[in-house]
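K.L.:
sequence first, then the predicted structure, then my questions.
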Amino acid sequence: NAGVTQTPKFRVLKTGQSMTLLCAQDMNHEYMYWYRQDPGMGLRLIHYSVGEGTTAKGEVPDGYNVSRLKKQNFLLGLESAAPSQTSVYFCASTEGAFSEAFFGQGTRLTVV
Amino acid sequence: AQSVTQLGSHVSVSEGALVLLRCNYSSSVPPYLFWYVQYPNQGLQLLLKYTSAATLVKGINGFEAEFKKSETSFHLTKPSAHMSDAAEYFCAVTPRGYSTLTFGKGTMLLVSP
């Protein structure tokens, strides 16, 4: 019973490089979310999706893009990484709008 | 925009003492309210949630929270702290009719022997 799986768990990027974070869930959830967690800031929503083929901007979307081509996967892309994007990224999924959110283990990204 | 405020970035208690973590929301219409816990180097997991069925909500690990509309609060309590309760706790809200979950900045609970 995997739940929500994030890949990779750790990554170091140089400024200007690009990368894609993968989130996969096996619970057939409609809603998926990408958050970033920074010390003292809590979790801030980057982008989210309410179903396959849909995406929407959250609180801090600049510098990120997302895609939800398959219901079980939600990809987060950084086209040109900046040091300000150094953070821990969490993916989450829910069955409905006010259901329990299930989180992945996080991806620790460092941009140098 | 809907927001949630957690009072105190750190709370320290002794083992066996009462735990009280504070959360206030800003909305004229009561939202859905949640408490999540995060242990070191892990993702978040749900402790409990309020969806208007009952004002006193019981969760896992002996935690409970009371919804008070007049105070726009949803404080988390536990009668007797255990060492294993040391973690970061997040209050979160989903406004009625919306599909996003907004988190507070978190409160780190420290438990001393």
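P.N.:
Done, it's in.
K.L.:
near the residue in chain A positioned nearest to chain B, how many residues? Count them for me, please.
P.N.:
Ranked by C-beta to the nearest C-beta, the top residue of chain A for proximity to chain B is A:Phe103, at 3.3 Å. Placement of C-beta: from N, CA and C, glycine included. A:Phe103 is surrounded by 22 other residues when neighbours are defined as other C-beta atoms under 10 Å in any protein chain shown.
K.L.:
cool, B:Thr5 as well?
P.N.:
There are 14 residues near B:Thr5, going by other C-beta under 10 Å.
K.L.:
hmm, B:Asn24 and it touching each other?
P.N.:
Yes. Taking C-beta atoms under 8 Å as the definition, B:Thr5 is a contact partner of B:Asn24 at 4.9 Å.
K.L.:
how about the residue of chain A closest to chain B: what's its closest non-neighbour residue?
P.N.:
Excluding the flanking residues, the one nearest A:Phe103 by C-beta to C-beta, 6 or more residues apart in numbering or on different chains is B:Gly43, at 3.3 Å.
K.L.:
show me what contacts the one you found?
P.N.:
Counting by C-beta atoms under 8 Å, 6 or more residues apart in numbering or on different chains, B:Gly43 makes contact with A:4, A:90, A:92, A:103-106.
K.L.:
just checking, B:Ala17 touches B:Ser80?
P.N.:
Yes. Using C-beta under 8 Å, B:Ala17 is in contact with B:Ser80, at 7.2 Å.
K.L.:
can you tell me how far B:Leu76 is from B:Pro40?
P.N.:
Shown here: B:Leu76 relative to B:Pro40, a distance of 19 Å by C-beta to C-beta, to the nearest Å.
K.L.:
A:Ala24 too?
P.N.:
Distance, A:Ala24 to B:Pro40, using C-beta to C-beta: 24 Å.
K.L.:
who has more neighbours out of the two?
P.N.:
A:Ala24 (19 against 7).
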